[in-house]
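> what's the 3D shape of this:
(chains A and B)
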Amino acid sequence: MSRLEVTDLARGFGGVQAVSGVSFTLESGELLALIGPNGAGKSTCFNLLNGQLRPDSGRVRLDGVDLVGLPPRRIWAMGVGRTFQITATFASMTVAENVQTVLLSRARRLFGLWRPASRQFRDEALALLARVGMADQADRPCGVLAYGDLKRVELAMALASDPKILLMDEPTAGMAPAERLELMALTAALVRERGLAVLFTEHDMDVVFGHATRLLVLDRGAIIADGPPDAVRADRRVQAVYLGDES
Amino acid sequence: MSFLLVQALSGLATAATLFLVSSGLTIVFGVTRIVNFAHGSLCMIGAYLGWSLIERFGGSVGGFWGSVALASLGAGVLGAAMEVGLLRRLYRSPELFQLLGTFGVVLVVQDAVAWIWGPEDLMGRRAPGLKGSVDILGQPFPLYDLVLIGLGPLVLGLLWLLFTRTRWGVLVRAATQDRDMASALGVDPARLFTGVLFLGSALAGLGGALQVPREAVNLHMDMAMIVEAFVVVVVGGMGSLTGAFLAALLIGQLQAFGILVFPQITLVLVFLFMAVVLVLRPHGLMGRAEEAPPAAATAAPVLRLGNRGGWIAVGLLALLAAAPLLVGDYAVIVLTEMVILALFAASLHVLIGLGGLVSFGHAAYFGLGAYGAALLVRHLGAPMPLALAGAPLVAGLGALIAGWFCVRRSGLYFAMLTLAFAQITWSVAFQWSGFTGGDNGLLGIWPSAWASGKAVYFWLTLALCAGALALLRRAAFAPFGYALRAGRDSALRAESVGIDVRRHQWFAFALAGSAAGLAGGLYAFAKGSVFPTLMAVSVSVDALVMILLGGVQTVSGPLAGAALFHLLESQVMRATDLWRLLLGLTIVALVLLFPRGVVGVLSSRRERS
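As a prediction, this is how the structure comes out:
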């Protein structure tokens, strides 16, 4: 049984088939890159996996349990974390409080009306922030952080629920090249340490071929290649899609 | 059979006026994206202007219709002036400011009209040539109403021609679809918007002036009209003309037949209808889905749990507790009310400050608490402590029911739904006179003997309100408050880390409702009476103004705001009759000075320095 098993996933919008017949598996310890030209269906795929969109047909199984039809927060509770292409943090809170809120959510304490939230799970939050290199900024408001730092906070928030799977939508978009490689190295280290399974989309091919353990190539809603980086790089169909070759 | 037909026809006549006024509101909203609270006031101005002109020139057919046209033009000019003077500065402001700014105009117009035309209802002259009635299957039906029925579709047709056959109309439609694109194409939005406000306001004025021969012109027309027009526009789909027409027809019939079946709750029926439509079809009958603008995009500052706050609170509490020993009875009464209003404002702040939920009907829960307590005393002979315990429960239950509907929508629709529920509670209190005393209210709701002294009742109020405020403050900094803010800051992120945003908002609505209910219960015993006006829109707006005065983004702000507001109100009201005019001007000044909100101004100042 695979950690994540996706079978024949399909979703259309009006007359456009955004995703059709997508099947793949994801195992612990893998850093799987989902690549493809703009409009290939990458974001739709992500939104189908974490429950933001409902598929027209197909199955998404986490450790054998079907996730289709569950709302995002239930899928999260079952162990699917997510970071967003455009960072989304809680701007009116400090960095530590952002992570603490997630920890409180995991502990199902968000309806607590008495104990101050800022004093709960503070140490755990600081430990997570230390892991992503943000401990020194723990008490700054999230609203004033630099973009690259926000991405790290998002990562710490995603890790706070101790997920089995992490979905990262363009984790390095908008970052400087050096920062990109640093963040991906961090992600790769987390995958090894925690036995995480990461699925990420990315436009930067240096990042993809430098860090992914396996690649999925999506074109017009369908998977056209699935394999280790070298095999995918040599694939003629992939070359055609990316280079616009007529053959 | 013939009776039903006449009833249906009279529903159609109502629908015609309703459509005229609503079409103006929906056109203005479609282009400016502002819900113009003052639209009802423009309708009222049209009616008063129409009355004066018809009294003077309405003897002949030409004079009558000329007067109606002139009144409509007058309202249009005022609307255009309002666009230039006020709305133009608010297009990029938060919804709260747009609604408040236009409500300020409502208050100003109320006092201005009362000052010009006097407080009495004015009976207008009948339309010359249309005074009689026609026989419809043996039942008489007013000829004038028959003309009105024809006028509705006629105006719809003319508007359709205007919007499809003229260049100006096409530009307006373009701006409705995509404002930024229209201005990128070289359309001067300022002139277009002024024109749209003129058209919309002229339609409101026309609707008002046409009412003159049908019913007495009075000072309550503005709120009655705006609330009904809101319902029509929301039901029809905001910005949709045909939707407004359809909704006006449906609501006209609902009123015509509702009065036969449920004479006690005709008003409730209309709002229930709207609530059901909104839950089933979130964007109204003909509205199109529209992504709510990210209202909370302007980042709220970080709330900090200060260490000194506690000591300041204790000091203030001690000072207040000592007050009855130092000042006279009148001051103690003012202080009692101040403390009650502080709790009321703070309860609303839970929704606005933490949840980003702008409620325009929070007075409903204040009123429910007051009525809950008063009804327990009146019908069950409950002693004061029991009645006071019942107040937050009654209000909390009401908020739980209304909240379930309201949190399903966000932004403007949330505001409209809360307003609708406030109007429902108001109309129950107003219409069900056997139970609630109707317009006369319930009198003789006095505290128990042991608490009848002004000082003792003040201490009781202070203890209960301080306790409730401490609980609310605690909740704001507890995980619950964080979850609420998380949902406001980024609903997407909140859902993806397991936060059930809607359920938190629902719970917050109930919590805020019960706190407001306790305030209402205390208010009932402080005043010795309750009236439907406790639930009026203006009370909801008072609470919003208190929060605005104190600053939205601090937990203690509403308290200062409530104190300041009540002090001003009680002092100004003693000195002048024009309290509403002054309040209205103050509100307009506030939103003009701080068009992006007080916080926005502060943060931009910080950026500059």
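> does chain B sit close to stretch A:78-89?
Yes - judged by C-beta under 8 Å from any C-beta of the partner chain, stretch A:78-89 comes into contact with chain B at A:82, A:84, A:88, A:89. The C-beta positions use only the backbone N, C-alpha and C, and glycine is treated the same way.
> from residue B:244, how far out is residue A:121?
52 Å (C-beta to C-beta, to the nearest Å).
> hang on, the earlier thing: which of the residues of stretch A:78-89 next to chain B tops the neighbour count?
The most crowded member of these, judged by other C-beta atoms under 10 Å in any protein chain shown, is residue A:82 (28 neighbours).
> just the pLDDT at that residue, thanks.
Residue A:82 carries a pLDDT score of 91 in this model.
> in chain A, which spans are helices?
A:42-49, A:72-77, A:95-106, A:122-131, A:147-160, A:177-194, A:205-211, A:229-234, A:236-243 (DSSP state H).
> same check on the stretch 201-350 of chain B?
B:221-236, B:241-261, B:266-280, B:308-326, B:329-349 (DSSP state H, counting those that start in this stretch).
> out of the ones you listed, which is the most enclosed?
helix B:221-236 (a mean of 25; mean count of other C-beta atoms under 10 Å in any protein chain shown).
> could you give the average pLDDT over that one?
Per-residue pLDDT values over helix B:221-236 give a mean of 89.
> equivalent analysis for stretch B:256-270, please.
79.
> stretch B:571-579 too?
Across stretch B:571-579, pLDDT averages out at 80.
> can you give me the end-to-end distance of it?
Using C-alpha to C-alpha, to the nearest Å, the end-to-end distance of stretch B:571-579 comes to 10 Å.
> please point out which parts of that stretch sit buried.
B:578, B:579 (16 or more other C-beta atoms under 10 Å in any protein chain shown).
> now for the strand or helix carrying residue B:65, which elements pack on it?
Residue B:65 is part of helix B:61-85, with elements assigned from DSSP states H and E. If you count contacts as 3 or more C-beta pairs under 8 Å, 6 or more residues apart in numbering or on different chains; DSSP states H and E, helix B:61-85 packs onto helix B:39-57, helix B:189-211.
> nearest to residue A:213, out of the ones you listed?
Closest of these to residue A:213 is helix B:189-211, at 53.5 Å (criterion: C-beta to C-beta).
> what residue ranges in the chain score low on pLDDT?
Reading this off chain A. A:243-247 (pLDDT under 70).
> think we crossed wires, I meant chain B
Along chain B, segments meeting pLDDT under 70 span B:1, B:264, B:289-309, B:553, B:595-609.
> give me the domain ranges for it.
According to automatic domain parsing, chain B comprises the domains B:2-250, B:314-604.
> can you list the ones you listed in JSON lines and add distance to residue A:140?
What follows is these, written out as JSON lines (distance: least, C-beta to C-beta, whole Å):
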{"stretch": "domain B:2-250", "distance to residue A:140": "25"}
{"stretch": "domain B:314-604", "distance to residue A:140": "15"}
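> how much space separates residue B:355 from chain A?
12 Å (C-beta to the nearest C-beta, to the nearest Å).
> tally up the residues packed near the residue lying closest to that residue once chain neighbours are set aside, please.
Spatially, and ignoring its direct neighbours in sequence, residue B:355 is nearest to residue B:484 (4.6 Å; C-beta to C-beta, 6 or more residues apart in numbering or on different chains). Residues within reach of residue B:484, counting by other C-beta under 10 Å, total 28.
> let me know whether residue B:484 touches residue B:506 as I believe.
No - using C-beta atoms under 8 Å, residue B:484 is not in contact with residue B:506, being 10.9 Å away.
> need the strands for chain B, in chain order.
For chain B, the strands defined by DSSP state E cover B:133-136, B:139-142, B:442-443, B:529-530.
> highest mean neighbour count out of these?
Comparing the strands of chain B by mean neighbour count (mean count of other C-beta under 10 Å), strand B:529-530 ranks first with a mean of 24.
> now that one, how far from the chain's geometric center?
With C-alpha atoms, centre = their mean, to the nearest Å as the basis, strand B:529-530 stands 22 Å off its chain's centre.
> partners of it, with directions?
strand B:442-443 (antiparallel) (DSSP bridges).
> contacting residues around the partner strand?
If you take C-beta atoms under 8 Å, 6 or more residues apart in numbering or on different chains as the criterion, strand B:442-443 is touched by B:371, B:374, B:375, B:378, B:436, B:437, B:528, B:529, B:530.
> return the residues in contact with the residue located most distally from the centre of chain B.
Going by C-alpha atoms, centre = their mean, the residue of chain B most distant from its centre is residue B:138, 42.6 Å out. For residue B:138, the contact set (C-beta under 8 Å, 6+ apart) comprises residue B:2.
> how far away is it from residue B:145?
For residue B:138, the distance to residue B:145 equals 17 Å [C-beta to C-beta].
> residue B:506 too?
44 Å.
> picking up where we left off before, I'd like the helices and strands packed on helix B:61-85 laid out as TSV, including mean neighbour count and distance to chain A.
Formatted as TSV, the helices and strands packed on helix B:61-85 follow (neighbours: other C-beta atoms under 10 Å in any protein chain shown; distance: least, C-beta to the nearest C-beta, whole Å):
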stretch	mean neighbour count	distance to chain A
helix B:39-57	26	34
helix B:189-211	25	28
